[in-house]
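Novice: got a structure for you, letters missing:
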């Protein structure tokens, strides 16, 4: 494992692309290499730089798209992806915690306003919502894909993983 920590504009992505080229030059199969990042914009930049050097890899994209790619191949997977978690949480706060109606829902969600019991209740309401709608959010994509890979290592076809913009991950 190698971690490169440097400031913005210092060449981290360039270094990653050069590492990809060196790996391929030393016999690594491009199909077994996975490049992931946090945003679509960063993924597009990686692809552009790879195309400029005539490089390819088995996967280049966001970690969420990779999670979805892994899960959609799982037998019986048919969930929709919930892209607006914050809106749903806001609606749940407004509907179920009327005693906080004088406080913006975003403040209720970010602050220490909800007590432990209320926070647990909100989490349960959100989970129930996702189950009723047969959907999962972006966090679920990462968690469930990781659990699948642990249970079935062959569901992850890559031998080498390179992560760009790692500081943006949680």
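Specialist: Looks like it came in fine. Since the structure is predicted, the reported quantities are computational estimates derived from the model, not experimental observations.
Novice: Strands of this protein, start to end?
Specialist: For the chain, applying DSSP state E gives strands covering 33-37, 59-62, 80-82, 135-137, 160-163.
Novice: which of these sits most buried?
Specialist: Comparing those by mean neighbour count (mean count of other Cβ atoms under 10 Å), strand 33-37 ranks first with a mean of 23. All C-beta atoms are positioned from the backbone trio N, CA, C, and that covers glycine.
Novice: That strand packs against which elements?
Specialist: The contact analysis (3 or more Cβ pairs under 8 Å, 6 or more residues apart in numbering; DSSP states H and E) places strand 33-37 against helix 12-25, helix 40-52, strand 59-62, helix 63-72, strand 160-163.
Novice: List the contacts of the closest residue to residue 34 other than its chain neighbours.
Specialist: Excluding the flanking residues, the one nearest residue 34 by Cβ to Cβ, 6 or more residues apart in numbering is residue 158, at 3.8 Å. Residue 158 makes contact with 32, 33, 34, 58, 59, according to Cβ atoms under 8 Å, 6 or more residues apart in numbering.
Novice: And residue 122, by the same measure?
Specialist: 89, 92, 93, 96, 97, 114 are the contacts of residue 122 under Cβ under 8 Å, 6+ apart.
Novice: Next, find the distance separating it from residue 5.
Specialist: 36 Å (Cβ to Cβ, to the nearest Å).
Novice: Residue ranges in the chain under the pLDDT threshold?
Specialist: Applying pLDDT under 70 to the chain picks out residues 1, 166-170.
Novice: Mind telling me which residue is nearest the centre of it?
Specialist: Nearest to the geometric centre of the chain sits residue 64, at 3.4 Å (Cα atoms, centre = their mean).
Novice: what sits against that residue?
Specialist: Listed by Cβ under 8 Å, 6+ apart, the contact set of residue 64 reads 138, 141, 142.
Novice: Output these as TSV; include the columns distance to residue 118 and neighbour count.
Specialist: Formatted as TSV, those follow (distance: Cβ to Cβ, whole Å; neighbours: other Cβ atoms under 10 Å):
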residue	distance to residue 118	neighbour count
138	24	16
141	27	23
142	26	17
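Novice: Need those in JSON lines (columns: distance to residue 39).
Specialist: Formatted as JSON lines, the contacts of residue 64 follow (distance: Cβ to Cβ, whole Å):
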{"residue": "138", "distance to residue 39": "12"}
{"residue": "141", "distance to residue 39": "15"}
{"residue": "142", "distance to residue 39": "15"}
